[in-house]
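[1] structure for the following, please:
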Amino acid sequence: MSSDLNRRSFIKNSSLLVTAGALTASTGLNANPQEPKISLPPSKGEHRGRIYKSIKFQMFRGKMSYLEKFQMLKDMGYDGVELNSPNGENKKEALKASKAIDFPLHGCVDSIHWGRRLSDKDPKVREMGLQGLITAIKDTHYIGGSAVLLVPGRVSHPETENQQQVWDRSIEQIHKVLPLASKLGIHILIENVWNGFCYIHNGPSDQTAEKLRDYIDAIDSPWIGVYFDIGNHQKYGKPAEWIRTLGRRIVKLDVKDWGKKNGFCKIGEGDVDWADVRKALKEIKFTGWSTAEVGGGNADRIQEIAERMNRALGL
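    Below you'll find the predicted structure:
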């Protein structure tokens, strides 16, 4: 669906703002919006109804209420949003707005996992990271979400935080929260990021996902899976091949792009082979949430992201 059509639908149907002038003033929508130039071909809709579209909520800027933003996102074709915890949004207010218009809050990102790592050399820091993860699990359950996104550690020093230490320390901490996660029905999903773990940072461009696969399997729990970020390892390997290797372990997707010439960039303007990504997702029979993690902005920008996700993923 074109962005112009979505905007007209919102102006016509939204009960939150009574005039197009109010809409323009409060959201930043242009009076004469232009279709963004997107190099990706139009969506064939092959994954529509199987992959659900979301953003990290903090990407949507502007001084509006949760209810106003959620309604706008829903009218743009988004299926839900993802929040942050322990830090981040007011969970009570977000849940209230979510219930008011039946707009899901599908999970939380552990907002302290990078600074208070489960792999830190200091046991006290690891304990702070553990408590942060516990809070994120509880918050996700409170808002009706299904999973917490977790970066388990970072390879930062060959003697104090290396591959083996990140592996062992993070698994030890994760095992401590599995009873709570299983009780509340919340998955802990490991994201592939530029943290030096389970791949060689600044290494070759043909790296594979076997190490990450083996790490997930070593935790050995049905409550652990992968939050696969499609663009994060384009520099180091082929995302579609990582998808095929990880297979059923992938529970949710983060959506971004990366290119040799422009680094992290708008979806569709990097080197990700989106046609092969769509093919790989079909091969593993993936169905679940996909969440954009790119530069945000006002409503025009969020609308553009929706269209780019549609084309990239076949929504």
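
[2] and the helix or strand hosting Lys211, what does it pack onto?
    Assessed by DSSP states H and E, Lys211 sits inside helix 210-219. Secondary-structure packing of helix 210-219 (3 or more Cβ pairs under 8 Å, 6 or more residues apart in numbering; DSSP states H and E): helix 163-184, strand 187-191, strand 224-229, helix 239-246. C-beta coordinates here come from the backbone N, C-alpha and C atoms, glycine included.

[3] mind checking how far the first one is from the chain centre?
    Averaged C-alpha coordinates place helix 163-184 at 21 Å from its chain's average position (Cα atoms, centre = their mean, to the nearest Å).

[4] cool, the second one as well?
    Centroid separation for strand 187-191 versus its chain: 11 Å, with Cα atoms, centre = their mean.

[5] one more: the last one?
    Helix 239-246 has its average C-alpha position 17 Å from the chain's average C-alpha position, going by Cα atoms, centre = their mean.

[6] and the angle for that helix with strand 224-229?
    Between helix 239-246 and strand 224-229, the angle comes out at 170 degrees (axes from the mean of the first three to the mean of the last three Cα atoms, to 10 degrees).

[7] angle of helix 239-246 against helix 210-219?
    Going by the same axes, to 10 degrees, helix 239-246 is angled at 30 degrees with respect to helix 210-219.

[8] any idea which helix or strand comes after helix 239-246?
    Heading C-terminal from helix 239-246, the first helix or strand you meet, by DSSP H and E, is strand 250-255.

[9] from the contact counts, what lies against the helix or strand following that following strand?
    Per DSSP H and E, the first helix or strand lying C-terminal to strand 250-255 is strand 257-259. Packing partners of strand 257-259 (3+ Cβ pairs under 8 Å, 6+ apart): strand 263-265.

[10] please identify the buried residues of the strand it packs on?
    Residues Phe264, Cys265 are the ones in strand 263-265 that count as buried (16 or more other Cβ atoms under 10 Å).
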